[in-house]
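[1] test case, fold it:
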Amino acid sequence: MSNSVLQVEGLAKIYQQGDLSVEVLQNIDLLVNRAETHAIIGVSGAGKSTLLHLLGGLDRASSGSVRVMGHKLEDQSEKQLGLIRNQHLGFIYQFHHLLPEFDALENIMMPLLIRRQPRAQAHEQAMQLLQQVGLERRAAHKPGELSGGERQRIALARALVTNPDCVLADEPTGNLDEKTAAAMMELMMELNSSAHTALVIVTHDTSIAAQMRYQWELHDGELNPTEVVSIHRA
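    Got it, this is the predicted structure:
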């Protein structure tokens, strides 16, 4: 069986603004295998978030191919894309995107309920993740009652509750103070190690990128290896 989780070939994205064509990404190639950690860095506006959205099937490429666990995203319907995301991917955003009307436990359970998993089983799995992120005492609290760091840890638990093959994270520590950001990254690396989930993190922070095994820079629409010194665990 292939070790590939994400396989990107010749990916391009062009936005049409009236008569003006804006090429954001061009000829992107990327291979992410199981349990690997990748960082994508670049200045604001370089197209990092656009690339992550294409990798996750949240947007469609102008040309090229993205495969998630062998599934070509460009060949899928919107319903099929939703199923692929739910079965194989987890997402973490700079802004947590938790559902405000649901408590912490319910937010973590949501991806499991979407796949029609029995509620009792979803509850048990979500509680296990809450314990892993150290927030079991906050299970009944809604997002508005949690600190920024706590909300991001809930978002991390939600991303991992389905045991995804890959987590796509867009500036996951961007709104956190230095101490909380360091704790968040430590937790992500520990869960990557224990669950063997691949990580692809978009960031402008080179210190975060250095914790990933592979580092890439997105510049002028192209993705190339960087010279960032890696400090990842062996």
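
[2] so where do the strands sit in the protein?
    4-17, 20-33, 37-41, 63-68, 71-72, 89-92, 166-170, 198-202, 214-219, 222-225 (DSSP state E).

[3] so can I have a markdown table of these showing distance to M184?
    The C-beta positions use only the backbone N, C-alpha and C, and glycine is treated the same way. Shown next, in a markdown table, are the strands of the chain (distance: least, C-beta to C-beta, whole Å):
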| stretch | distance to M184 |
| --- | --- |
| strand 4-17 | 22 |
| strand 20-33 | 21 |
| strand 37-41 | 14 |
| strand 63-68 | 25 |
| strand 71-72 | 30 |
| strand 89-92 | 9 |
| strand 166-170 | 10 |
| strand 198-202 | 11 |
| strand 214-219 | 19 |
| strand 222-225 | 25 |
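
[4] in JSON lines, list those strands along with mean neighbour count.
    Output for the strands of the chain, formatted as JSON lines (neighbours: other C-beta atoms under 10 Å):
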{"stretch": "strand 4-17", "mean neighbour count": "16"}
{"stretch": "strand 20-33", "mean neighbour count": "16"}
{"stretch": "strand 37-41", "mean neighbour count": "24"}
{"stretch": "strand 63-68", "mean neighbour count": "18"}
{"stretch": "strand 71-72", "mean neighbour count": "14"}
{"stretch": "strand 89-92", "mean neighbour count": "24"}
{"stretch": "strand 166-170", "mean neighbour count": "24"}
{"stretch": "strand 198-202", "mean neighbour count": "26"}
{"stretch": "strand 214-219", "mean neighbour count": "20"}
{"stretch": "strand 222-225", "mean neighbour count": "14"}
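
[5] let's have the ones you listed in CSV, adding mean pLDDT and distance to D177.
    Supplementary listing: the strands of the chain in CSV, determined by pLDDT from 0 to 100; distance: least, C-beta to C-beta, whole Å:
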stretch, mean pLDDT, distance to D177
strand 4-17, 92, 31
strand 20-33, 91, 30
strand 37-41, 93, 21
strand 63-68, 94, 34
strand 71-72, 94, 39
strand 89-92, 87, 17
strand 166-170, 91, 18
strand 198-202, 93, 18
strand 214-219, 92, 24
strand 222-225, 90, 30
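
[6] out of those strands, which gets nearest to R119?
    R119 lies closest to strand 89-92 among the strands of the chain, at 20.5 Å (C-beta to C-beta).

[7] what residues are up against the closest residue to Q7 other than its chain neighbours?
    In space, and not counting its chain neighbours, Q7 is closest to R67: 4.2 Å by C-beta to C-beta, 6 or more residues apart in numbering. By C-beta atoms under 8 Å, 6 or more residues apart in numbering, the contact set of R67 is 4, 6-8, 73.

[8] my read: A157 touches M127, true?
    No: at 9.9 Å, A157 does not count as touching M127 under the criterion of C-beta atoms under 8 Å.

[9] comparing the two, which residue is more hemmed in?
    More neighbours surround A157 than the other of A157 and M127, with 27 against 16 (other C-beta atoms under 10 Å).

[10] need the pLDDT of the residue nearest to that one when sequence neighbours are not counted.
    Nearest residue to A157 in three dimensions, chain neighbours excluded: L129, at 3.9 Å (C-beta to C-beta, 6+ apart). For L129, the model assigns a pLDDT of 85.

[11] how deep is L129 tucked in, by neighbour count?
    22.

[12] then R85?
    Neighbours around R85, by other C-beta under 10 Å: 21.

[13] which residues are in contact with it?
    Contacts of R85 (C-beta under 8 Å, 6+ apart): 56-58, 91.

[14] determine which two of these are furthest apart.
    Within these, two members stand farthest from each other by C-beta to C-beta: G57 and F91, at 10.5 Å.
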